[in-house]
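Need coordinates for the below:
(2 chains)
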Amino acid sequence: DAEITQSPRHKITETGRQVTLACHQTWNHNNMFWYRQDLGHGLRLIHYSYGVQDTNKGEVSDGYSVSRSNTEDLPLTLESAASSQTSVYFCASSEWTGYADEQFFGPGTRLTVL
Amino acid sequence: TQLLEQSPQFLSIQEGENLTVYCNSSSVFSSLQWYRQEPGEGPVLLVTVVTGGEVKKLKRLTFQFGDARKDSSLHITAAQPGDTGLYLCAGGAGGTSYGKLTFGQGTILTVHP
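Got it, this is the predicted structure:
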């Protein structure tokens, strides 16, 4: 069965370190997204990609970067982790169903920056 | 910037009660989706509505898209403890924003036995 996976599921790091969160999907979807989820804010879009070599900034992109070298993977990098980036991160991919884009989410990565 | 206001933020009810969650915006959306999320997991899509005035039913859950496609509601009849979770609405703008969704803040529902 097609799926979307994230690793690691939990990560503790220190302020200033570079961190990369992995996202891998086997749906063969062109669209991929990274969100962060914080209480009271729902899901906020960090970066997204419409295909290989395409990346775009979302509403909260400062301090984050992504690259898309193949269809299956969209890793999210925190260049220099800050305590404000402590959050739960979700990766998603989507497909056009003919009337709307429907997103499928990974299980999330809980990141703690000390 | 499109915003979706979801209410209430928290809902604590007894098993068997009915409830409604609202999702409102001043912007028009081409589609409106509802997701349910359980602790430690990612959101799971429940339904997508795309036509103004559209009503969809999923067992005890009824979803409605406003006539002007600016708002939506989720009604649960005879809630059960298994309905407990975080409910999120999300709007798709279409056009140059295709694929992107704007999420509401979420409603945390707790159904007590």
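
Tell me where the chain has strands.
Since you didn't name a chain, this refers to chain A. With DSSP state E, the ranges of strands along chain A come out as A:4-7, A:10-13, A:19-25, A:31-38, A:42-51, A:54-57, A:64-66, A:76-78, A:87-96, A:101-105, A:109-113.

should've been chain B
B:5-7, B:10-14, B:19-24, B:31-37, B:44-49, B:55-58, B:61-65, B:71-76, B:85-92, B:101-103, B:107-112.

So which of the strands of chain A is nearest chain B?
Closest approach to chain B among the strands of chain A is made by strand A:101-105 (3.2 Å; Cβ to the nearest Cβ). Any C-beta I mention is one placed from the backbone N, CA and C, and that applies to glycine too.

Taking their axis directions, the closest one and strand A:87-96 sit at what angle?
Angle, strand A:101-105 to strand A:87-96, by axes from the mean of the first three to the mean of the last three Cα atoms, to 10 degrees: 140 degrees.

What is the worst-scoring helix or strand of chain B on mean pLDDT packed up against?
Of all helical and strand segments in chain B, the minimum by mean pLDDT, DSSP states H and E falls on strand B:101-103, at a mean of 90. Using 3 or more Cβ pairs under 8 Å, 6 or more residues apart in numbering or on different chains; DSSP states H and E, the elements in contact with strand B:101-103 are strand A:42-51, strand B:85-92.

The last one - what's its average pLDDT?
The reference is to strand B:85-92. For strand B:85-92, the mean per-residue pLDDT is 94.

same deal with the longest one?
Computed over strand A:42-51, the mean pLDDT rounds to 93.

quick one: it near chain B?
Yes - residues of strand A:42-51 are located near chain B by Cβ under 8 Å from any Cβ of the partner chain, namely A:42, A:43, A:44, A:45, A:48, A:50.

Over to stretch A:21-33?
Yes - against chain B, stretch A:21-33 shows contacts by Cβ under 8 Å from any Cβ at A:31, A:33.

Same question for that stretch: list its buried residues.
For stretch A:21-33, burial by neighbour count (16 or more other Cβ atoms under 10 Å in any protein chain shown) applies to A:21, A:23, A:24, A:25, A:27, A:29, A:30, A:31, A:32, A:33.

Tell me the bridge partners for the fourth one.
Bridge pairing for residue A:25 (DSSP bridges) gives the partners residue A:4.

Packing partners of the worst-scoring helix or strand of chain A on mean pLDDT?
Within chain A, no helix or strand scores below strand A:101-105, which has a mean of 89 by mean pLDDT, DSSP H and E. Helices and strands touching strand A:101-105, as assessed by 3+ Cβ pairs under 8 Å, 6+ apart, comprise strand A:87-96, strand B:31-37, strand B:44-49.
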